[in-house]
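> Sequence and predicted structure are below.
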Amino acid sequence: MADGVEVRGNHIRVYFRYQGELCRETIPGSASPANLANAERLVGIINYEIESGTFDYARHFPNSPRIKTNSLGHYIDLWLEIKRNQMAASGFAMYRSRTEKHIRPRWGAMQADRIDHLDIQHWVQSVLMPELHNKTVREIVSHLRQIFRLYRTRNRSAFDPTDGITISLPDADDPDPFTREEIDAILTHPTERQQEINLSQYMIWSGPRVSEAIALAWEDVDLAAGTVEIRRARVAGQYKVTKTRRSTRKVKLLAPALRALQAQERFTRQLPAELIQVVERDNRTIREQRVRFVFHNTATGEPYRSSDVLRHGWWIGHLEKAGVRQRGPNTCRHTFASQMLSSGLATPEWIADQMGHTSTAMIFRHYAKWISQDGPDVVGVLNQALKLS
């Protein structure tokens, strides 16, 4: 019997080495001399195609279990399960959405080793780029690249059709903080929603993420010392510890932020505590905390459970009435960084520490902008200090 053919009972099985592994496949029919001769010819064809790089496993063995486990959809499933255990629920939801909407419909049913670099390049240029922002396309390609990395690891292969595909990004928009005039308009325009005014004032003058501000509890506040401890955030419908270890921080409050908490005290400090579950940074461990949330929705009497509720329930309408150009609630964080920078007194290191960042570059790149009308007369100060006038 020729190499590559064996008889198991009354069935014929062919075997061959493909992508470094020994593969065995049973072929239809009994172990008759005619079928054995066909099996020998098949093995010859398979070995020739493997050597020439034209072998298509699915064409020869469409019902093989290997076809399912070699489809990109199989590796998409494995990759998503890994990400589910690695990531916070909010981040994983975005990964899954983009994968299921864009990657699986186009590539999921295909054999991973039959996906070509030029086909992906064409998909990116003709399907994704006309419909999506460059940043989104880059993230989708990054997801696809990670899926192929998993395939490569499993199959001990260097094959990666995403290699060399790059997506350029436009320059990021400059930070667009509120000016002092806009801050005054937001905080002084008449409204019956005093708790929301207190929340806005606290955010503008202490710089938390909105998710951190709505998760602030009285157990984190020391009014006598003028400090708050940022320990948790509300993200994608659940409470979790802060974004990074560096984000867990004790903040010394500026006077307006402290006044906002003092004004808020009468609304919520004496309310009963509620038991919440907080997801730890490993995204698996859950710890219970009994807390009294500082900021409540005036309309419902309940703590804010998402920034969208704040944005659509009060923020957009209030800015419109106050005559302030629309930006989201997270602009309060940008405003804090920019006001501190424009003061000429706060160092980038201090600002980064207050906001929970290790890198001062993040402050300049994403949050802070020098607001000339709110800053000191730097030229005048320099003229005086250097005796140039």
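Nice, thanks for sending it over.

> can I assume residue 302 is in contact with residue 295?
No - if you go by CB atoms under 8 Å, residue 302 and residue 295 don't touch, sitting 10.6 Å apart. (Glycine included, C-beta is placed from N, CA and C.)

> List the buried residues of the longest strand along the chain.
Of all the elements of type strand in the chain, the one with the most residues (DSSP state E) is strand 21-30. Under the neighbour-count criterion of 16 or more other CB atoms under 10 Å, strand 21-30 has 23, 25, 27 buried.

> of all these, which comes closest to residue 215?
Distance ranking of the buried residues of strand 21-30 against residue 215, using CB to CB, places residue 23 first at 53.7 Å.

> check contacts around the closest one.
15-17, 66 (CB atoms under 8 Å, 6 or more residues apart in numbering).

> Sort out for me which of those are in strands.
Within these, residues falling in strands by DSSP E are 15-17.

> Most neighbours out of those residues, which is it?
Scoring these on neighbours with other CB atoms under 10 Å, the highest-scoring entry is residue 16 at 18 neighbours.

> Skipping adjacent residues, who's closest to it in space?
Using CB to CB, 6 or more residues apart in numbering and skipping the chain neighbours, the partner closest in space to residue 16 is residue 46 (5.2 Å).

> Could you count how many residues lie near that neighbour?
Using other CB under 10 Å as the criterion, residue 46 is surrounded by 21 other residues.

> What residues sit buried inside the host helix or strand of it?
Taking DSSP states H and E as the definition, one finds residue 46 inside helix 33-52. Buried residues in helix 33-52, defined by neighbour count with 16+ other CB under 10 Å: 35-36, 38-40, 42-43, 46-47, 49-50.

> what's the following helix or strand after it?
Counting by DSSP H and E, the next helix or strand C-terminal to helix 33-52 is helix 57-60.

> And the helix ranked longest in the chain, what does it pack against?
Secondary structure assigned by DSSP state H gives helix 134-155 as the longest helix of the chain. Based on contacts counted as 3 or more CB pairs under 8 Å, 6 or more residues apart in numbering; DSSP states H and E, the elements that helix 134-155 packs against are helix 72-86, helix 89-98.

> what separates the longest one from the chain centre, distance-wise?
What that stands for is helix 72-86. The chain centroid and the centroid of helix 72-86 are separated by 16 Å under CA atoms, centre = their mean, to the nearest Å.

> what's the answer for stretch 145-159, then?
In terms of CA atoms, centre = their mean, the gap separating the centre of stretch 145-159 from the centre of its chain is 23 Å.

> Okay, buried residues for that stretch please.
Burial within stretch 145-159, assessed by neighbour count using 16+ other CB under 10 Å, is assigned to 146-148, 150-151, 155.
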